[in-house]
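>>> kindly return the folded structure for what I paste below:
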Amino acid sequence: MRVKQRLIGLSLILIVSIAALVVVVVVLNQFVFHPPDKPKAQEVQVDIGKYGKYVVETGDITTDLKDHRYVLLNFTIMTDSKKAQETLTDGLFLVKREVIGVLSEMTSEQLMTESGVVEMEKAIQSRLQTYLPEGKVIMVATTKKVIQ
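Just a heads-up that it's a prediction; the model follows:
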């Protein structure tokens, strides 16, 4: 009787050990040997040859940030048509106002990361789109960034 109890106990320990080993192997295989793909910060497919001629340069913009630091930025804004380009060029003061509006809500730490810069560019793109009844902002690219 005592031998049977020991065999049952050893069998249970063996089954639990094998199950734990299987779980460890599955977890290692899933996350260590085949880690999930990291999301890309920004995947933009832009036909530069087609839209590269419809760009607006903002020039240097200096403003303060939410954490009382300063940033000097320069943007290239790519549009899909000459009309959209002309609209933004004629209203460059509005473009700069929208850039300053977005930056006033950001901190220097956010701007030091790639994801923060992408977030800023998308916010600016969204705000500028409201000024274009005809045409579209294809991309906002940060071409200069100095944080002080």
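
>>> so Lys53 belongs to a helix, correct?
No. Counting by DSSP: H, G, I helix; E, B strand; the rest coil, Lys53 is not found in a helix; it is coil.

>>> run a quick neighbour tally on it.
By other C-beta atoms under 10 Å, 11 other residues sit near Lys53. Glycine gets a C-beta too; all of them are placed from N, C-alpha and C.

>>> for it, give its distance to Ile15.
Separation of Lys53 from Ile15 (C-beta to C-beta, to the nearest Å) stands at 70 Å.

>>> ditto for Ser108
For Ser108, the distance to Ile15 - C-beta to C-beta - is 56 Å.

>>> now swap in Lys144 and tell me
64 Å.

>>> show me how this protein divides into domains.
Taking automatic domain parsing as the reference, the chain has its domains at 1-36, 48-147.

>>> highest mean neighbour count out of those domains?
Between the domains of the chain, domain 48-147 has the highest mean count of neighbours, a mean of 16, where neighbours are mean count of other C-beta atoms under 10 Å.

>>> point to the helix or strand of the chain where mean pLDDT is at its lowest.
Taking mean pLDDT, DSSP states H and E as the measure, the chain has helix 48-51 as its least confident helix or strand, at a mean of 66.

>>> going along the chain from that one, find the next helix or strand for me.
strand 55-57 (DSSP states H and E).
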